[in-house]
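Participant: just need the structure, nothing else, for what follows:
(one chain, ligands or ions: 1)
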Amino acid sequence: MFLKRMEMKGFKSFADPLHIEIEPGITVVVGPNGSGKSNIADGIRWVLGEQSAKSLRGSKMADVIFAGSDERRRVNMAEVTLVLDNESGFLPLSYTEISLTRRLYRSGESEYLLNRQPCRRKDIIDVMMDSGLGREAYSIIGQGQVEQVLSSKPEDRRVIFEEAAGVVKYQSRKRESERKLADTNDNLARVQDILHELE
Ligand code: ATP
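Facilitator: I've put the predicted structure just below:
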C-alpha cells in the first residue's frame, strides 16, 4: 500500500484545487517558509479523522477552511482526498485503489467518503487502523514531536510501539465488545426489574 495521490481544495492555504501525484520511493516537498509544506501533512492527518484543531495548528476546526488572502475571497468548504494504492491487498477492502475524503463546510456540516460513498469517521479509522498511516500512527512526525516522544512517559511511548506491532485494532475491538457487554448487562438488569414488578 502507498499514498499515490492527494487532492485538496479550500484546505488551509490551498484555495485552488491541488493534485499531488506521488511515486513509490522517497518524495520530498521543498519550499520557502510559510509556503504550505506542513499544511500538506495537516491535510493527511485531517482526512484520517483528526479531531483536534490544536493538532492541526488552529484554534477551531473551521480554521482548516481557506480564510482568504489579499487576492482571494475566503471559501466555504475544505476538501481533502487521499488515494491509496491497494494492489497488494494490504488494506482490508477488496479494491486495488482506495480513496478517502473529508469535507467541512463553514456551516459546521462535515462529511467523510470512502471510495466516493458517504461513510462514518469510524469507517475510515477502521480501514486505516494498524496500517501505519492511522491517525495516531508514527508515520507523521511533526516538528518538535521527536523530542516529545523521547521525553514522554513510558505508557504514552508504548502506544507508538503498539500501533507499529498492529495490536491497536484488537484493543479497540475489545473495548467495543466490553462496552456492548456492559450495555447488555444493564438491559438484563432492567428486564429482571420488570419481571419482579410483574410477579
Ligand atoms: P515552515 O517552513 O515555516 O514550517 P511551511 O511551508 O510548513 O512553513 P505551513 O505552516 O504549512 O508552511 O503554512 C503556513 C501558511 O498557511 C501561513 O501563511 C498561513 O497563513 C497559511 N494558512 C494556514 N491556514 C490557513 C487558512 N485557513 N486560510 C489561508 N491561509 C492559511
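
Participant: tell me which residue is most central in the protein.
Facilitator: L48 (1.5 Å; Cα atoms, centre = their mean).

Participant: now do the contacts for V28.
Facilitator: V28 is in contact with no residue at all, counting by Cβ atoms under 8 Å, 6 or more residues apart in numbering. C-betas here are computed from N, CA, C, even on glycine.

Participant: which pLDDT value goes with it?
Facilitator: You'll see V28 listed with a pLDDT of 93.

Participant: please point out which parts of the longest helix seen in the chain sit buried.
Facilitator: Using DSSP state H, we find that the single longest helix of the chain is helix 168-198. Using 16 or more other Cβ atoms under 10 Å as the test for burial, helix 168-198 gives V168.

Participant: again, but for stretch 158-168
Facilitator: So, applying 16+ other Cβ under 10 Å, buried residues of stretch 158-168: 163, 168.

Participant: now do it, average pLDDT.
Facilitator: 77.

Participant: now that stretch: how far from the chain's centre is it?
Facilitator: Stretch 158-168 sits 17 Å away from the centroid of its parent chain (Cα atoms, centre = their mean, to the nearest Å).

Participant: kindly report the same for stretch 46-63.
Facilitator: 10 Å.

Participant: now swap in stretch 5-23 and tell me
Facilitator: 16 Å.

Participant: going forward, begin numbering at 723 instead of 1
Facilitator: Sounds good: first residue 723 from here, last item stretch 727-745.

Participant: measure it end to end?
Facilitator: 9 Å (Cα to Cα, to the nearest Å).

Participant: which residues touch it?
Facilitator: Under Cβ under 8 Å, 6+ apart, the answer for stretch 727-745 is 724-726, 757-758, 761-762, 764-766, 768, 786-788, 791, 794, 797-805.

Participant: from what I can see I862 touches A763, true?
Facilitator: Yes: the criterion here is Cβ atoms under 8 Å, and I862 meets it with A763 at 5.6 Å.

Participant: residues from this structure in reach of the ligand?
Facilitator: Residues of the chain lying near the ligand by Cβ under 6 Å from any ligand atom: 734-735, 753, 755-761, 785, 787-789.

Participant: M850: how many residues sit nearby?
Facilitator: 23 (other Cβ atoms under 10 Å).

Participant: rewinding a little: just the residues of the chain next to the ligand: which are in strands?
Facilitator: Using DSSP state E, no member of the residues of the chain next to the ligand falls within strands.

Participant: most surrounded residue in those?
Facilitator: Most neighbours among the residues of the chain next to the ligand, by other Cβ under 10 Å: K734, with 23 neighbours.

Participant: now that residue: how far from M783?
Facilitator: Noted for K734: a distance of 12 Å to M783, by Cβ to Cβ, to the nearest Å.
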